[in-house]
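J.: sequence and predicted structure below; questions after.
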Amino acid sequence: MTTETQSQTLGFQTEVKQLLHLMIHSLYSNKEIFLRELISNASDACDKLRFQALHQDGLYEDDPQLKVRLSFDQQAGTVTIADNGIGMSRQDVIDNLGTIAKSGTADFLKNLSGDQRKDSQLIGQFGVGFYSAFIVADKVDVFTRKAGLDSSEGVHWSSQGEGDFTIATLDVAERGTRIVLHLKEGEKDFANSWKLRSLVRKYSDHISVPVEMLKDNFGEEQEEEKAPEWESVNKATALWTRNRSEVKDEEYTEFYKHIAHDYTDPLTWSHNKVEGKLEYSSLLYVPSQAPFDLWNREAPKGLKLYVQRVFIMDQADQFLPLYLRFIKGVVDSSDLSLNVSREILQKDPAIDSMKSALTKRVLDMLEKLAKNEPEKYTTFWKTFGQVLKEGPAEDTSNREKVAGLLRFASTHANTEDQTVALDAYLERMGEGQDKIYYLTGERFSQVKNSPHLEVFRKKGIEVLLLTDRIDEWMMSYLSEYKDKAFVDITRGDLDLGQLEGEDEKKAQEEVAKTREDLVKRIKDALTDQVEEVRVSHRLTDSPAVLVIGDNDMGMQMRKIMEAAGQSMPEAKPIFEINPTHPLLEKLDQEPDEDRFADLAHILFDQAALAAGETLKDPASYVSRLNKLLLEMSA
């Protein structure tokens, strides 16, 4: 037996300890996934060796047949997963098995609630990987040697999944990694041929390298000197290379879990083979839940790239735009070079063509999901809708297609969760309506009660209600849909076109003329706070409302920019009044100019509050309001 040297005991990273504890308890009901995760890692190690061996053929070390081998010892209560892939050096072992390198780990752990069901879903988003071994094992030994290193540079890692692990150097003759699981007392049934074979077929049938087990020679006399016979338990063919008609839904689902390191089912998928000027296969998935780092635009993302079935890279982000970063999948090209790099991918015109086609395929897949499985699409929208809203700005060629996938709250629905598609909005448009009206704000409760909606409610015109932080920015890139212009109802001089009759327009003009003196008095009182005062055509019940200039930045966007530390140029609002409102009629009759000014300021501040703004001088507002209340009670 080879003596171990350079032995040391190291502590797990704090996040690893937390993850281990939560995973062992939260994932216990789905404990058999440990085998899927470990075989998946072993398959990835084989893929990485195959790729590196393109340039360093000696890494195969006279053993070119890549494989994963699964064995067990019932008496000892162990299960062993071994691969002859890339293997690990001592530093690789410390980095990969002692820490979690993923950025955002701390934020991920903060989101854990202690509720086992919710936390298990969150852990699924993070990816359980190697540490899933401790769901069924109370001790794990790892023996590994990196391909190309001397046999004396092998490594033995061992841990009981608690606070620390030991690591030592020893001779390892064969490259690759061997993981020995010492099963917990209640998990010894995993050390069983039938059990392991059924789990491989259930979870890992799609793995492109063979997963081998010793052949069961039931009923045959065993020859003592006969070498053990290994046989492949899985199909061992790349799933995306098979004909769609040959692949079961269960196989597609398990393959998704393999490449995404997720254990929830995907919402939908698209499997396609392209032949012609370019030849490639793609298998694209829409997950059912978001990864924990979805909002980190710098986080690694993209599809697994293969060239002629040879694994090239894990997260090739050149094949889909950033707003589709949640898509998981595989693309396998017959045209790209085997020594392709990220730099080459950025310059290759064939990649642009593939990106365009794959983007349209994803959008078509989402359209189909929305049309045929609306409940699933609702799940998708709640999970990824805000990311999809980046599309109109980032993808001008597919802007209308993306717009058709967007969902909005509206005055047609009763709650924020009841969303409508733009096509449904167009179908409900009344005679004479040629624009799509929308209103932005910070909260649904605020916008649904906005004074800006009054004339639209009176005329039965539907208005979209947008309350996501990204909405105003998105709408600056979304000017029309199917030849119907979008109109922000808080901006400029509202023109309802044919929805207003000539008689209505003449009546409005007459009212504006008769109230010119009132408008001037209010303008003089609010001269430092408003750009303009005018009679409103929007209001039926409220006394006044604030309106944004046609070329001014909206309130929502202004707040976001200011929160980001950017100084914004001053922009005064337009103050629109409803002269038929009793308060305005009373104001018009006020002879005392000081009292008139106080009342005008109160109306202005109330309009600002209704718009969701923070008052610049709340103390003055309170003082004026208290003064008015005292006068009323006198």
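T.: Okay, I see it.

J.: now do stretch 95-114, average pLDDT.
T.: Mean pLDDT, stretch 95-114: 59.

J.: where exactly do the helices run in the stretch 401-550 of the chain?
T.: With DSSP state H, counting those that start in this stretch as the definition, the stretch 401-550 of the chain shows helices at residue ranges 422-428, 444-448, 454-459, 471-475, 502-514, 516-525.

J.: okay, now the nearest residue to residue 620 once chain neighbours are set aside: neighbour count?
T.: Using CB to CB, 6 or more residues apart in numbering and skipping the chain neighbours, the partner closest in space to residue 620 is residue 601 (7.3 Å). Where C-beta positions appear, they are placed from N, C-alpha and C, glycine not excepted. The number of residues packed around residue 601, counting by other CB atoms under 10 Å, is 19.

J.: quick one: least confident helix or strand in the chain?
T.: In the chain, no helix or strand scores lower on mean pLDDT, DSSP states H and E than helix 116-126, which sits at a mean of 51.

J.: what's the next secondary structure element after it?
T.: strand 137-145 (DSSP states H and E).

J.: got the contact list for residue 12?
T.: By CB atoms under 8 Å, 6 or more residues apart in numbering, the contact set of residue 12 is 20, 98-99, 159, 163-165.

J.: got a PyMOL select line for the buried ones in those residues?
T.: Typed into PyMOL, the line below selects the buried ones among the contacts of residue 12, using 16 or more other CB atoms under 10 Å:
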select buried, resi 20+98+159+165
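
J.: so where's the stretch 201-350 of the chain uncertain?
T.: Residues of the stretch 201-350 of the chain meeting the criterion pLDDT under 70: 217-225, 339.

J.: give me the domain ranges for the protein.
T.: If the domains of the chain are taken from automatic domain parsing, they occupy 5-215, 240-373, 379-499, 502-549+560-633, with pieces of a single domain joined by a plus sign.

J.: save those as a markdown table, and put in distance to residue 226 too.
T.: Shown next, in a markdown table, are those (distance: least, CB to CB, whole Å):
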| stretch | distance to residue 226 |
| --- | --- |
| domain 5-215 | 11 |
| domain 240-373 | 34 |
| domain 379-499 | 55 |
| domain 502-549+560-633 | 72 |
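
J.: out of these, flag the one nearest residue 233.
T.: Closest to residue 233 of the domains of the chain is domain 5-215 (CB to CB; 4.6 Å).

J.: quote the end-to-end distance of the closest one.
T.: Using CA to CA, to the nearest Å, one end of domain 5-215 lies 36 Å from the other.

J.: same check, this time on stretch 541-549
T.: Between the opening and closing residues of stretch 541-549 we find a distance of 23 Å, counting by CA to CA.

J.: give the burial count for residue 477, as a bare number.
T.: Other residues lying near residue 477 total 16 when counted by other CB under 10 Å.

J.: ditto for residue 607
T.: Taking other CB under 10 Å as the criterion, the count of residues near residue 607 is 21.

J.: and the one 10 residues further on, by the same measure?
T.: One way to gauge burial is a neighbour count; for residue 617, by other CB under 10 Å, it gives 11.

J.: next one: phi and psi at it?
T.: Residue 617 has phi and psi values of phi -140, psi 70 when expressed as degrees, to the nearest 10.
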